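Undergrad: pasting the structure only:
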């Protein structure tokens, strides 16, 4: 009896019966119809499982991407400097063209870092001139 290659992996080990509880003889047209329907059902089941697996993989990839983006943003922004400069961020307006008197009153020593850096450069230049 000839059995197509595509049905060899899905042949059930138990005898096959139809809806009327009559035995389906292997090789008959009823048997081939049953196997064809069984093949379609298995293909649908495999496609559904594949679709669910792809959805899960996409969801995991989105979660990993979101976690990486959050970590990158957290690393770039820095948690500790944000606390250090929070008062300055609340009291200054970086987009304003001019500084009002109220803003100057709120800022305590606004050029502190620039003065220190400038003094460092002056001292460094004096040392370099003394060495030459």
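TA: All right, it came through fine. All values derive from a computational prediction rather than experimental measurement.
Undergrad: Poorly predicted segments of this structure, please.
TA: 1-2, 77-132 (pLDDT under 70).
Undergrad: In it, what residue spans correspond to helices?
TA: For the chain, applying DSSP state H gives helices covering 29-77, 79-84, 86-91, 101-106, 112-131.
Undergrad: how many neighbours does residue 35 have?
TA: 20 (other Cβ atoms under 10 Å). The way it works is simple: take the backbone N, C-alpha and C, and place the C-beta from them, glycine included.
Undergrad: any residues touching stretch 42-56, and which ones?
TA: The contact list for stretch 42-56 (Cβ atoms under 8 Å, 6 or more residues apart in numbering) reads residue 10.
Undergrad: What are the buried residues along it?
TA: Residues of stretch 42-56 classed as buried by neighbour count (16 or more other Cβ atoms under 10 Å): none.
Undergrad: ditto for stretch 19-29
TA: Of all the residues in stretch 19-29, those buried under the rule 16+ other Cβ under 10 Å are residue 24.
Undergrad: First-to-last residue distance for that stretch?
TA: Stretch 19-29 has an end-to-end distance of 15 Å (Cα to Cα, to the nearest Å).
Undergrad: for stretch 6-23, same thing?
TA: 22 Å.
Undergrad: who touches that stretch?
TA: Stretch 6-23 has contacts (Cβ under 8 Å, 6+ apart) with 3, 24, 26, 30, 31, 34, 35, 38, 39, 42.
Undergrad: The fourth one touches residue 37, doesn't it?
TA: This points to residue 30. No. Residue 30 is beyond contact range of residue 37, at 10.8 Å (criterion: Cβ atoms under 8 Å).
Undergrad: If you count surrounding residues, which of these two has more?
TA: For residue 30 versus residue 37, neighbours defined as other Cβ under 10 Å are more numerous around residue 30 (15 against 10).
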